[in-house]
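**Q** here is a sequence with its predicted model. Questions after.
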Amino acid sequence: SPNNLQGYAPICLGLEDFYIRRLYLRIQDCFGRPISSAPDAWFDVVERFSNDNNKTLKRTEKINRCLNLGSYNYLGFAAADEYCTPRVIESLKKYSSSTCSTRVDGGTTVLHNELEESVARFVGKPAAIVFGMGYVTNSAILPVLVGKGSLIISDSLNHNSIVNGARGSGATVRVFQHNTPSHLEEVLREQIAGGQPRTHRPWKKIVVIVEGIYSMEGELCKLPEIIAICKKYKAYTYLDEAHSIGAVGKTGRGVCELLGVDTADVDIMMGTFTKSFGSCGGYIAGSKELIQYLKYTCPAHLYATSISLPAAEQIISAIRVILGEDGSSRGAQKLARIRENSNFFRSELQKMGFEVLGDNDSPVMPIMLYNPAKIPAFSRECLKQNVAVVTVAFPATPLLLARARICISASHTREDLNKALEVFSRVGDLVGIKYFPAEPKKL
Ligand code: PMP
């Protein structure tokens, strides 16, 4: 929407149409000719409202204002904020929307340096480097960190940006069962010694890649166990905190803070600014030497236009609010609210009989539909009742593990959540997805 100064990406509703279209394209491929009835639907276009922290959005033409339970707007910073927005507007007036320069050719400003210092301090690492896009942060950094002769061991449910970066790196890639430290150890043992007593270590580097909160599962990483294994086998740890930084931990510092892990034990900390900070871009935080090396060698730093300054200002300001450096307690209130909202919503859904994945404190809440055929019914019925949810299916999930993925925000009120619960209850009965109905009370 033109009102949205943070440049928050438009969200995609009506994903059922996307899957139907993919299916048509597949069938078309099989028959080797176009199918005349293939629908033209791709992504629905929506209108967002910046004056209520993108809590609601409008599906153009088809439906009126909906309660937005689909965006990663965890702390409600994705639009008008009394501290961030005036500063973003000021920086837009002062600097405009683009630096039109790469970081090395006049595109590094005082604000870029301030952003990197602020991110490093916030996540608890000596240094950080920022990029204009979260996806690119993973896909461009991994090929710089590892190459032929190195080994990447990646969680089986890692995000596509990690998969792409790992593939593009030329390193050997092995996958371990999702969030299963014992299987990670098995893979490491196999790869280091081929199952035989260890004679030599055949890899230049070994990097184990995990996510803080898994975006399709809502699950917290078993980070302490994974770190212990990485230490034992001298492997580097790479942690993607796209969904956890800002969203969990007493002061919003992500899964390390929540799970009591010392950030010194995580070698490479990655995150995005597109969720909790309501901006765009991504970061890598690590040792001074690592960040210096990346600044000299990473093509996405050397050859890409630097992150836009209004976006940088939004991140710096959001971090100040989270840390209470704006002189208010709004940051602490937001953190308390997202935790309360997430735990309330998860437990209410469970009480109703839904199968909800993920852990307490996680704002990501997949409701299992299983059968992909239930996707259109679920999302359309919710939309009819003015609740917007994102539905996810193959290839983002295994074929028979379709789900609706709810993202809770600190900007949702109890009234919003109660309204959504009423709608889900009705639609859940209609579509038949209350897989654990409560026992009927004995009279
Ligand atoms: N990593 C993970 C785990 C993600 O879920 C995403 C996107 N949601 C990204 C990286 C890419 O981030 P961005 O959308 O900011 O480009």
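**A** On my side now, so go ahead.

**Q** and Gly286, bridged to which residues?
**A** Ala127 (DSSP bridges).

**Q** surely it touches Asp267?
**A** Yes: Gly286 is within contact range of Asp267, at 6.3 Å (criterion: CB atoms under 8 Å). Every C-beta, even on glycine, is put in place using the N, C-alpha and C of the backbone.

**Q** more neighbours: which of the two?
**A** A direct count of neighbours by other CB atoms under 10 Å for Gly286 and Asp267 places Gly286 higher, at 25 against 19.

**Q** distance check, the more buried one against the ligand.
**A** Gly286 sits 17 Å away from the ligand, taking CB to the nearest ligand atom, to the nearest Å as the criterion.

**Q** got the contact list for that residue?
**A** Neighbouring residues of Gly286 by CB atoms under 8 Å, 6 or more residues apart in numbering: Lys125, Pro126, Ala127, Ala128, Asp267, Ile268, Met269.

**Q** tell me how far the first one lies from the ligand.
**A** Right, Lys125. 18 Å.

**Q** so that residue sits against Glu289, correct?
**A** No: checked against CB under 8 Å, the pair Lys125 and Glu289 is beyond contact range at 11.9 Å.

**Q** so who does the residue in the stretch 301-443 of the chain positioned nearest to the ligand touch?
**A** Closest residue of the stretch 301-443 of the chain to the ligand, CB to the nearest ligand atom: Val364 (9.3 Å). Contacts for Val364 (CB under 8 Å, 6+ apart) come out as Ile213, Tyr214, Ser215, Glu217, Gly218, His243, Gly358, Arg405, Ile406, Cys407.

**Q** buried only: go through those for me.
**A** Ile213, Tyr214, Ser215, Glu217, Gly218, His243, Gly358, Arg405, Ile406, Cys407 (16 or more other CB atoms under 10 Å).

**Q** Ile319 against Glu116, yeah?
**A** No: the criterion here is CB under 8 Å, and Ile319 misses it with Glu116 at 11.7 Å.

**Q** more crowded one of the two?
**A** The residue with more neighbours, out of Ile319 and Glu116, is Ile319; 24 against 20, by other CB under 10 Å.

**Q** where does the more buried one fall, helix, sheet strand or coil?
**A** Classification of Ile319 using DSSP: H, G, I helix; E, B strand; the rest coil returns helix.

**Q** who touches it in this structure?
**A** Residues counted as contacts of Ile319 (CB under 8 Å, 6+ apart) are Ser118, Val119, Phe122, Phe277, Glu325.

**Q** now swap in Gly218 and tell me
**A** Each residue near Gly218 by CB under 8 Å, 6+ apart is listed here: Val356, Leu357, Gly358, Asp359, Ser362, Pro363, Val364, Met365, Pro366, Arg405.

**Q** quick check: longest helix of the chain.
**A** With secondary structure taken from DSSP state H, the chain has its longest helix at helix 330-352.

**Q** now that helix: buried residues?
**A** 330-332, 334-335, 337-339, 341-342, 344-346, 348-349, 352.

**Q** follow-up on the earlier one: now the contacts of Val364 in a markdown table, with secondary structure and pLDDT?
**A** Shown next, in a markdown table, are the contacts of Val364 (DSSP: H, G, I helix; E, B strand; the rest coil; pLDDT from 0 to 100):
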| residue | secondary structure | pLDDT |
| --- | --- | --- |
| Ile213 | strand | 98 |
| Tyr214 | coil | 96 |
| Ser215 | coil | 92 |
| Glu217 | coil | 95 |
| Gly218 | coil | 96 |
| His243 | coil | 98 |
| Gly358 | coil | 96 |
| Arg405 | strand | 95 |
| Ile406 | strand | 96 |
| Cys407 | strand | 96 |
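
**Q** how about the helices in the stretch 51-200 of the chain?
**A** Applying DSSP state H, counting those that start in this stretch to the stretch 51-200 of the chain gives helices spanning 84-95, 110-123, 134-145, 160-169, 181-193.

**Q** closest one to Ala393 among these?
**A** helix 160-169 (14.8 Å; CB to CB).

**Q** burial measure for Ala318, as a count.
**A** By other CB under 10 Å, neighbour count at Ala318 equals 30.

**Q** repeat that for the one 3 residues further on.
**A** Number of residues near Val321 (other CB under 10 Å) recorded here: 25.

**Q** spit out the contact partners of it.
**A** Val321 sits next to Phe77, Asp81, Tyr83, Cys84, Ser328, Arg330, Gly331, Lys334 when contact means CB under 8 Å, 6+ apart.

**Q** may I ask which two of those are separated the most?
**A** Greatest spatial distance in those: Phe77 and Ser328, 13.8 Å, computed using CB to CB.
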